[in-house]
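In: Got a predicted structure plus its sequence, pasted below:
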Amino acid sequence: MAEKSYAELKAAIEEATLIDAHAHNVVAVDSSLPFVKCFSEADGDALALAPHSLSFKRGLKELGELYGCGPTLNEIELYRKQSGLESISSKCFGAARISALLIDDGIEFDKNHGIEWHKSYVPFVGRILRIERLAEQILDEGTPDGSAWVLDKFTEIFVGRLKSVAATLVGLKSIAAYRSGLEIDTTVSNKAAEGGLRAVLSGGKPVRITNKSFIDYIFTRSLEVAQSFNLPVQIHTGFGDKDLDLRLANPLHLRAVLEDERFSKCRIVLLHASYPFSKEASYLASVSQQVYLDFGLAIPKLSVHGMISSVKELLELAPVKKVMFSTDGYAFPETFYLGAKRAREVIFSVLRDACEDGDLSVPEAVEAANDIFFQNALQFYKINLSSSSSNVKIANSHNVGKIGLTAPPSDVAFVRVFWVDTSGQCRCRAVPKKRFHDVITKNGLGLTFASMGMTSFTDGPAVETKLTGVGEIRLIPDLSTQRRVPWAKKEEMVLADMHVKPGEPWEYCPREALRRVLKVLKDEFNLEINAGFESEFFLFKEKEGTWVPFDSTPYCSAAAFDAASPILHEVYEALASLGVTVEQIHAEAGKGQYELALGHGSCFRAADNLIFTREVIKAVARKHELLATFLPKYSLEDIGSGSHVHLSLWQNGVNVFMGVRGTGRHGMSKVGEEFMAGVLHHLPAILAFTAPHPNSYDRIQPDTWSGAYQCWGKENREAPLRTACPPGVPDGIVSNFEIKAFDGCTNPYLGLASIVAAGVDGLRTHLCLPDPIDTNPSDLEEKLHRLPTSLSGSLEALEKDDLFKNLIGEKLLVAVKGVRKAEIDYYSKNKSSYKDLIYKY
């Protein structure tokens, strides 16, 4: 066939979104790990020769093209330094089009970023637990009572620890190949394992497990847990670091494991294409129902010929449904980009040749690409991600015309570039796709300084913001947020950062403000924060030239859901296509009011998802000739709408806001209490960010479940801060806390930044919470402080609170205050003008 006959296959592969089924943590920009490790597995003196490898030379050229700089190591390292890790990560993950990332966090590079950090760049991030590292950590910690280790005690703690986190994992992983080889004895005796444990401990700390009997023992115990929880087990096979004995890394050594009837239902993944044992791996996958294959590391580390031949060998016998993609990316975002780029090239070459040889038709090859890059891993790892987020085009697929099921991205005409200003309004510009790709991704989009000084009542800057039409910044697309617009044909959208010039963030950028405070939380306390929003909104229909409530049925009524069902279904499908999880939908107590509860995730990603959610709901409503508004109080005669946010603290993939039975107060940990106490202490000033409009205070009233008094309570919906114990959490333990004073006029990046800043202060100063309020706070109004009753009051609190100047940024704070003062002045003189805000929020 002529090359042009494969245009459909090539387009399908190039436009595919990917599930990266095996990777490792990215490191901080100031990590001691040398960047040259991006291209080589070598260490020490051997690393000096890495620049002479084919993959190194090819990698420099490809990164130079991506970054728009010269293809030399010095020029690329200079670009990285000037751009910063966030910009680099956005560019690399965005260009790679990775929709899900599964991370083995068992490699402890210098200054690793935790699992949660990666959720700012990839919609779904799952954890793979490395069993040998867990065993080493347990032995390093010592026994709980300080006694000597014995095998039974180790087994109890090791298995217990595995079971306690199993529900949070997507799989386990073993590196037995590195330590003692793959000839695992699943019948190893307790006596041999006990001796192995003693041998391991004799080496001192930090513990490194290399004894074969002990490794075989923990491998077998792990298989038992994996099978009981239906977790797959990834196994390192084939080549790797220099401490590996390649002779013992042949997957054929796993025969005893595969023939052990106890583990016949255990799903096993052979990593790294088992190179140079790719044929052996293919054979095992063809004859053993539980064996699957992953070709990460072989791509991109081998030469072009080596990559192609390795994948072809995997497909000689193995079913296509058993072969999966991964980058084996680590430390540097560039490894993910290069792995994805080369995988696309290799899979196209392999599948094209299969068509040439008559093994596959082109439609079958397109389906195979979809399986390898997306569907196989989606099903195998049971990832909760809508299949519509895969852009691999299946032959003969049709555009059915519903939101969330649009045409393939190759027909995109425009890209909408979004930003959110100080007043909380989401704005956008549309750019032709070619210009976006050729120019905007590298140089950004020009925007006047005045844009961050605009108010809700006029598209001009407030005087006291000190921002004018003089000066211009660059909107730099965060490519990790680039999505197909689910309600419009031939369009994509992307969220943008504000830079003075590419690589230099502008001091007024809301997204950068949130990044700064999150970095402080991580650097000072090794903590990350998860957030999940409950977004309330009203639907209106037009009647005699006036917008009136869509419905008048009561709270949580089935009739209200029925009335809006077509709209809510389209909203759900659109959000699913964007990777936004919806956990619950119900009718609220207002006339025509509904609420969407979104899934929790990294704080930054949650803010992005809230913007997408607002845009989707408004767009779907417009399609049905309705109007949706998130305005806090559209009518003084009806209840208000909020965007309540739930927050929890995480460390190394574990929720550390939660208390442990018998320790801590109020069902939360010490760090959880200190963080929440900081938020409570600074709450009057926080309202200037989270209740940013005069209209916000018409909503925050006693006896309306909006939180009018400065207090907190356990499951107390009248308190502005509420600790929550959702289903599945043990009695007396809380998993998160909710802030009710957060509404639809809020710029979510600024709102969350102010909350995190307050929490950081609580941690720094070790604040304690007062006793919880277990009744309606309005019954205690003489004892409790009333939160500000107007924007003027919260602005006054902000003026007196010095915390935010350093953590949010002085210039951005001036802009925030300037916009708020202008809003106060205008709406105090124009009392009914708030009614026009339904078109803006």
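Out: Received, thanks.
In: Mind checking which residue lies nearest the centre of the protein?
Out: Central residue of the chain (CA atoms, centre = their mean): residue 119, 2.0 Å from the mean position.
In: Not counting its neighbours along the chain, what's nearest it?
Out: Setting aside the residues directly before and after it, residue 119 is nearest to residue 602 in space (CB to CB, 6 or more residues apart in numbering), at 3.5 Å. The C-beta positions use only the backbone N, C-alpha and C, and glycine is treated the same way.
In: out of all of them, which strand in this protein is the longest?
Out: Across the chain, the longest stretch assigned as strand under DSSP state E is strand 528-543.
In: immediately after that one, which helix or strand?
Out: As assigned by DSSP states H and E, the chain's next helix or strand after strand 528-543 is strand 546-549.
In: you'd agree residue 125 is up against residue 119?
Out: Yes - Residue 125 is within contact range of residue 119, at 4.9 Å (criterion: CB atoms under 8 Å).
In: Report how many residues lie close to residue 689.
Out: Neighbour count for residue 689, taken as other CB atoms under 10 Å: 29.
In: State the pLDDT value of it.
Out: Listed pLDDT for residue 689 reads 96.
In: and the gap between it and residue 620?
Out: Between residue 689 and residue 620 the computed distance is 28 Å (CB to CB, to the nearest Å).
In: And residue 637, how close does it get to residue 549?
Out: Between residue 637 and residue 549 the computed distance is 11 Å (CB to CB).
In: Of those two, give the one with the bigger neighbour count.
Out: Between residue 637 and residue 549, counting by other CB under 10 Å, residue 549 is the more crowded of the two (17 against 7).
In: dump the residue contacts of the residue nearest to residue 119.
Out: Applying CB atoms under 8 Å, 6 or more residues apart in numbering, we find residue 602 in contact with 116, 117, 118, 119, 120, 528, 529, 530, 531.
In: now the closest residue in space to residue 444 that isn't next to it in sequence, what's its secondary structure?
Out: Take residue 444 and drop its neighbours on the chain: the residue closest to it by CB to CB, 6+ apart is residue 474, 3.1 Å away. Three-state call for residue 474 (DSSP: H, G, I helix; E, B strand; the rest coil): strand.
In: ok, what's across the strand from residue 474?
Out: Per DSSP bridges, the residues bridged to residue 474 are residue 446, residue 499.
In: returning to that earlier point: tell me which residues of the longest strand of the chain are tucked away?
Out: For strand 528-543, the neighbour count (16 or more other CB atoms under 10 Å) marks 528-541 as buried.
In: try stretch 296-303
Out: By neighbour count, with 16+ other CB under 10 Å as the criterion, the buried positions of stretch 296-303 are 296, 297, 298, 299, 300, 301, 302.
In: Can you give me the distance of the fourth one to residue 316?
Out: This means residue 299. 17 Å.
In: swap in residue 440?
Out: Note on residue 440: its distance to residue 316, by CB to CB, is 44 Å.
In: now swap in residue 345 and tell me
Out: Counting by CB to CB, the gap from residue 345 to residue 316 is 20 Å.
In: for residue 472, same thing?
Out: Relative to residue 316, and taking CB to CB, residue 472 is found at 57 Å.
In: just residue 134 next, same as before
Out: Residue 134 sits 36 Å away from residue 316, taking CB to CB as the criterion.
In: can you check residue 693 too?
Out: 64 Å.
In: contacting residues around the lowest-mean-pLDDT helix or strand in the chain?
Out: Least confident helix or strand of the chain, by mean pLDDT, DSSP states H and E, is helix 298-301 with a mean of 78. Here helix 298-301 makes contact (CB under 8 Å, 6+ apart) with 40-41, 55, 59, 238, 272-273, 275, 278, 306-307, 310-311, 327, 338-339, 341-343, 346.
In: Same check on stretch 534-545?
Out: Residues contacting stretch 534-545 (CB under 8 Å, 6+ apart): 547-551, 564, 567, 588, 590-598, 610, 613-614, 617, 621, 625-631, 634, 641-646, 744, 838.
In: and if we set it to 7 Å?
Out: Residues outside stretch 534-545 that contact it (CB atoms under 7 Å, 6 or more residues apart in numbering) are 547-550, 564, 588, 590, 592-598, 610, 613, 617, 621, 626-630, 634, 641-644.
In: Understood, closing this out.
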